[in-house]
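Peer 1: my questions concern the predicted model and sequence given below.
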Amino acid sequence: MARVGRLAGGLLLETQLAGKSAWFLAGDTKTPCDFRAAGFVAPAERDVIRERFVQLVVQGSPRLTGTTLSIALDGVEAARAIGARLTVDRNGSVSERLWGLIVGEDEAEQPSGRTIDCAWLCEMPIAVWNVVRDAVLKCT
């Protein structure tokens, strides 16, 4: 079971990979990020549209803060699913609208620090999620 939080506008996943703790960044950061202060080595530049997530190298004591999601996947599979479901196809950034839909608009603005059970997010067939996703991301 992975937990998902935010890091400088990106999504930070704490999960298990081969029985050990692993951390991934899904989507792209939106604000400057001091990865060292967050407990990581800064990841190499990547084409975030093609590579929606990257495994982070721990260098310190990382931790999730603010509101987090709990999903019923682990490892690379969790990072892939979150990257596919919560990032924008055209630029690889995290959709604030989708995040707000899941955590609630009030918590998106003022994170409470609670963990929300979101097993449903990765269990839902991607075709069904894409209907929701398209409706939320549709410009009006």
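Peer 2: On my side now, so go ahead.
Peer 1: not counting sequence-adjacent ones, nearest residue to residue 46?
Peer 2: Leaving aside its sequence neighbours, residue 46 sits nearest to residue 54 (CB to CB, 6 or more residues apart in numbering; 5.9 Å). Glycine gets a C-beta too; all of them are placed from N, C-alpha and C.
Peer 1: so who does the one you found touch?
Peer 2: Applying CB atoms under 8 Å, 6 or more residues apart in numbering to residue 54 gives the contacts 24-25, 43-44, 46.
Peer 1: am I right that it is in a strand?
Peer 2: Yes: under DSSP: H, G, I helix; E, B strand; the rest coil, residue 54 sits within a strand.
Peer 1: how far away is the residue nearest to residue 6 when sequence neighbours are not counted from residue 47?
Peer 2: Spatial nearest neighbour of residue 6, excluding adjacent residues (CB to CB, 6+ apart): residue 66 at 6.0 Å. Distance, residue 66 to residue 47, by CB to CB, to the nearest Å: 28 Å.
Peer 1: doesn't residue 1 make contact with residue 71?
Peer 2: Yes: using CB atoms under 8 Å, residue 71 is in contact with residue 1, at 6.9 Å.
Peer 1: more neighbours: these two, which one.
Peer 2: The residue with more neighbours, out of residue 71 and residue 1, is residue 71; 25 against 13, by other CB atoms under 10 Å.
Peer 1: what does the more buried one show for phi and psi?
Peer 2: phi -120, psi 160 (degrees, to the nearest 10).
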